[in-house]
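1. coords please:
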Amino acid sequence: MRGVPLAFAREAIVGGRVMMTRDNQKHHTKHQLSDFDAVSLYPSSQSIPEGYVQGTPKLFKDAIPTDADYYIARVRFDSIAKKRHFPLLSVFKAESDARNFTNDIVGKTMILGKQALEDVVEFQGATYTVIEGRYWNDGFNDQICHTIRSLFAERLKLKMEGNPLQNGIKLLMNSAYGKLIQKPIIKQKTFVRNTSRDPNKIKEHTHKNIHKLITRTMVTEDLALFEEHKAVYDHWSPAHLGVQWERN
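-> Purely as a prediction, here's the structure:
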């Protein structure tokens, strides 16, 4: 995905909740605490569902199509029945540059993936009005489920053997999720060298790319490092697949 569809899908990406205590209250604890850290959260999420949705996104308005395998929707919340100590949804406050997880969602408009929307209905009894969205109905590709399970089993084996290669597999499994929601790359760096065949290469590159030039650093007389703006419309990302695994 790229362009407008990608921008829409990225609106549904939300980081994990980091509230450490009930209602985010502070506690002065003097006794020892146990750290219960879950294992392989990202790989686990990718191994459970049906797989990645296939096909191109289709537009819908006012109602979610009944044949949708997956969707990302813009909705307005009309009511919420259960207020939780750990709310499922959040609003982003531009003035503080912070995300606030809150039960105060009535009247607010949000873009959510299928899983997040179903969760807030199931666990907080929310009702909503559908405005618009995009959906997929061409089935699933389940290869990721088999691949992740295979990598997880191999890492477990290497970990029991004390083989440091297990760390490489751990990063590989995590990046299988992280790469899906990679942010647009807005800058790029390029080395340009003058050669005997093209002694004015640096000068020519400067003139040709002056409209996107940020800095030019001469490393030597014949070598320069250019930092330039990169066009966002060139960025491609399957962000909708990252949203698919996400639980707000």
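
2. helices and strands around the lowest-mean-pLDDT helix or strand in the chain, which ones?
-> Within the chain, confidence by mean pLDDT, DSSP states H and E is lowest for helix 41-47 among all helices and strands, at a mean of 79. Helix 41-47 is packed against helix 143-161, helix 165-178, helix 239-245, with contacts defined by 3 or more C-beta pairs under 8 Å, 6 or more residues apart in numbering; DSSP states H and E. Where you see a C-beta, it was placed from the backbone N, CA and C, and this is true even at glycine.

3. report the contact partners of the residue nearest the centre of the chain.
-> By C-alpha atoms, centre = their mean, the mean C-alpha position of the chain lies nearest to Ile181, the distance being 3.3 Å. Counting by C-beta atoms under 8 Å, 6 or more residues apart in numbering, Ile181 touches Arg10, Ile13, Ser237, Ala239, Gly242, Val243.

4. what distance do you get for it to His235?
-> 12 Å (C-beta to C-beta, to the nearest Å).

5. now for the spatially closest residue to Leu172 that is not a sequence neighbour: which residues touch it?
-> Once flanking residues are discounted, Leu172 sits nearest to Leu151: 6.5 Å by C-beta to C-beta, 6 or more residues apart in numbering. By C-beta under 8 Å, 6+ apart, the contact set of Leu151 is Pro43, Ile169, Leu172, Met173.

6. correct me if wrong: the first one contacts Ser175.
-> No: taking C-beta atoms under 8 Å as the contact criterion, Pro43 and Ser175 are not neighbours in contact, 10.6 Å apart.

7. tell me the secondary structure for the residue of the chain positioned farthest from its centre?
-> Relative to the mean C-alpha coordinate of the chain, counting by C-alpha atoms, centre = their mean, the farthest residue is Ser196 (46.1 Å). The three-state assignment at Ser196 reads coil, by DSSP: H, G, I helix; E, B strand; the rest coil.

8. give me the domain ranges for the protein.
-> Structural domains assigned to the chain are 2-16+45-140+241-245, 141-183, 187-229, following the TED database.

9. ok, and what's touching stretch 158-166?
-> Here stretch 158-166 has contacts from Arg155, Ile169, using C-beta under 8 Å, 6+ apart.

10. how far does that stretch sit from its chain's centre?
-> 29 Å (C-alpha atoms, centre = their mean, to the nearest Å).

11. ok, back up a step: highest mean neighbour count out of the domains of the chain?
-> domain 2-16+45-140+241-245 (a mean of 16; mean count of other C-beta atoms under 10 Å).

12. can you pull the contacts of the closest residue to Pro238 other than its chain neighbours?
-> In space, and not counting its chain neighbours, Pro238 is closest to Leu180: 5.4 Å by C-beta to C-beta, 6+ apart. By C-beta under 8 Å, 6+ apart, the contact set of Leu180 is Ser237, Pro238, Ala239, Leu241, Gly242, Trp245.

13. export the residues you listed to a markdown table and tack on distance to Leu59?
-> What follows is the contacts of Leu180, written out as a markdown table (distance: C-beta to C-beta, whole Å):
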| residue | distance to Leu59 |
| --- | --- |
| Ser237 | 19 |
| Pro238 | 18 |
| Ala239 | 17 |
| Leu241 | 19 |
| Gly242 | 20 |
| Trp245 | 23 |
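
14. of the residues you listed, closest to Leu213?
-> Ser237 (25.7 Å; C-beta to C-beta).
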